[in-house]
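Visitor: Below are the sequence and a predicted model for it; my questions follow.
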Amino acid sequence: MESALDWHTARALLEWQLEMGVDEAISDSPVDRFAVEHAAREQAKAKKSQVAVARGAPGAVPQQEGPDPVEAAVASAKGAGDLDALRAAMGAYDHCELKRGARNLVFSDGVPGARVMIIGEAPGRDEDREGKPFVGRAGQLLDRMLSAIDLSRKESVYITNVVPWRPPQNRDPNAEEIAMMLPFLHRHIALAKPDVLVIVGNISCQALLGKRGITRLRGQWAEVQGKPALPMVHPAYLLRTPAAKREAWADLLTLKAKLRAMAQ
């Protein structure tokens with residue numbers, strides 16, 4: 001006798017898979033997430049062994065040291081003379097394991113040279129698929145928020161992320177991954193030349209301000225690379241916590257007032 005799942009059970013199973021990070025049925029090419037994580041662990045072990053050799057630990061096996069990933073990122077970013085060159089440099093950078101499991105490099109969207117530069121955290125599923133930041137539900141909310149203060153990614157906003165590749169299972173980028181990509185982000189800001197930065201989410205605040213706790217930091221102007229920077233909660237947080245939209249609206253008005261004052 002054949003048995004079939006009822007509708008409610010089937011939906012519950014699908015929701016459980018989404019919670020576990022199974023958010024794609026197929027992709028253009030197979031990605032072995034276990035292999036990606038294994039490679040990251042092996043790389044970490046190799047680095048520990050190198051440190052042990054440097055300290056003269058007994059029994060440590062000498063290994064030839066490769067280039068420092070952060071130093072390589074600094075040199076690569078510094079050599080980029082414009083945004084196209086920076087994008088090419090990031091695409092050629094092979095030290096970050098996130099690149100192995102991502103479908104696309106998510107570089108930017110919007111208008112280069114715009115007065116406002118928004119810096120998000122890392123790509124999600126939709127961003128990885130399309131190769132652009134903030135294109136999923138959170139991106140749609142961000143567009144509505146910007147429109148409310150007469151801004152638009154098509155005319156007056158430039159958008160990027162701290163990390164250009166999607167982390168496995170949408171996890172947060174770790175400290176090592178952020179450190180590798182930070183030189184590219186600093187160069188990105190310098191080449192885009194915005195008047196104001198909007199730092200969206202905890203990961204972005206950690207990278208650019210060295211602080212976490214976005215609900216405390218939001219709405220308080222800071223300075224990054226000589227530019228005024230406004231921390232704001234991530235639109236994804238607003239989707240989960242609609243009550244926070246009131247504070248987000250206050251931050252948007254603060255941004256609008258800053259732009260008006262700087263234009264005078």
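Guide: Structure's in. What do you need?
Visitor: Show me where the stretch 151-264 of the chain has its helices.
Guide: In the stretch 151-264 of the chain, the helices defined using DSSP state H, counting those that start in this stretch lie at 175-192, 202-209, 214-217, 235-240, 245-263.
Visitor: If you count neighbours, what's buried in the last one?
Guide: In terms of neighbour count (16 or more other CB atoms under 10 Å), helix 245-263 has its buried residues at 245, 247-248, 251-252, 254-255, 258-259. Bear in mind the C-beta positions are built from the backbone N, C-alpha and C, glycine included.
Visitor: Contacts for it, please.
Guide: With contact meaning CB atoms under 8 Å, 6 or more residues apart in numbering, helix 245-263 is reached by 115-116, 145, 148-150, 195-196, 198, 218-219, 221, 228, 230, 232-233, 238.
Visitor: Could you identify the buried members of those residues?
Guide: Counted by 16+ other CB under 10 Å, these give 115-116, 145, 149, 196, 198, 218-219, 228, 230, 232-233, 238 as buried.
Visitor: Give the next helix or strand downstream of the least confident helix or strand in the chain by mean pLDDT.
Guide: Within the chain, no helix or strand scores below helix 33-54, which has a mean of 56 by mean pLDDT, DSSP states H and E. Moving toward the C-terminus from helix 33-54, the next helix or strand (DSSP states H and E) is helix 69-78.
Visitor: any idea how far that next one is from the chain center?
Guide: Taking CA atoms, centre = their mean, to the nearest Å, one finds helix 69-78 lying 18 Å from the centre of the chain it belongs to.
Visitor: Just the pLDDT for the residue nearest in space to the middle of the chain.
Guide: In the chain, the residue lying closest to the centroid (CA atoms, centre = their mean) is Ala122, at 2.2 Å. We have a pLDDT of 97 for Ala122.
Visitor: That one should be in a helix, yeah?
Guide: No. Under DSSP: H, G, I helix; E, B strand; the rest coil, Ala122 sits outside any helix and is assigned coil.
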